[in-house]
Structure formats: structure tokens, C-alpha cells
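K.L.:
what follows is a protein structure lacking sequence information:
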């Protein structure tokens, strides 16, 4: 099963993010005037990541899944 091979790395990556995110969020340096750009750049970066993931999913569907389901060879 390919999903079982992905389970361990996903669990490890999630644990690392959870362990590293909490001390990073507790630092008071993010409230400094030099780092105010984080507050407007963060949502832009998240929205662009979501858009890219959506485009990848749509492209995969159009180029791989739809031809496969219709009986044609994929490009």
C-alpha cells in the first residue's frame, strides 16, 4: 500500500512542525517594528500556496486522470 509508506514521514514531519512552531511563536521579536511585514506577507504567501496546490491538482486531473478514465493515453 503506497499510503502506508507515506504515513511515517508525514507523522514525523507533523511532529517536527508542532515541536518547532510553539517555541517560535512564543518569541517576542515578532512584535518588533522591524518584523511588521510578516503580518501582511503571511496571508499572501498562504493564498499563493493554496492557489498553486489547486492548479497542480487541476492539471493532474486534466492531463492524467481524465484521459485515463476516458480510455486514452495520458500525455
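P.N.:
On my side now, so go ahead. As the structure is a prediction and not an experimental result, all values here were calculated from the model. Numbering: from 1, shown residues only.
K.L.:
where exactly do the helices run in this structure?
P.N.:
2-25, 38-60, 66-70 (DSSP state H).
K.L.:
got phi/psi on residue 71?
P.N.:
phi 90, psi 10 (degrees, to the nearest 10).
K.L.:
pLDDT score assigned to it?
P.N.:
You'll see residue 71 listed with a pLDDT of 81.
K.L.:
quick one: it from residue 5, how far?
P.N.:
Remark: distance between residue 71 and residue 5 (Cβ to Cβ, to the nearest Å) = 29 Å. In this view, the C-beta of every residue, glycine as well, is placed from N, C-alpha and C.
K.L.:
repeat for residue 48
P.N.:
30 Å.
K.L.:
next: residue 54.
P.N.:
26 Å.
K.L.:
and for residue 11?
P.N.:
The gap separating residue 11 from residue 5 is 12 Å, by Cβ to Cβ.
K.L.:
what lies in contact with stretch 64-75?
P.N.:
Defining contact as Cβ atoms under 8 Å, 6 or more residues apart in numbering, one finds that stretch 64-75 is touched by residue 63.
K.L.:
tell me, how many residues neighbour residue 67?
P.N.:
Residue 67 sits with 13 neighbouring residues when counted by other Cβ atoms under 10 Å.
K.L.:
got it, and residue 61?
P.N.:
Residue 61 is flanked by 11 other residues according to other Cβ under 10 Å.
K.L.:
pLDDT value on it, please?
P.N.:
92.
K.L.:
also the one 4 residues further on?
P.N.:
The predicted local distance difference test score for residue 65 is 89.
K.L.:
now do the one 3 residues further on
P.N.:
What the model reports for residue 68 is a pLDDT of 87.
K.L.:
what's the answer for residue 53, then?
P.N.:
95.
K.L.:
ok, now the one 4 residues further on?
P.N.:
Predicted confidence (pLDDT) at residue 57: the value is 94.
K.L.:
burial of it, as a residue count?
P.N.:
Neighbours of residue 57 under the rule other Cβ under 10 Å: 11.
K.L.:
residue 51 too?
P.N.:
10.
K.L.:
then residue 69?
P.N.:
Around residue 69 there are 9 residues (other Cβ under 10 Å).
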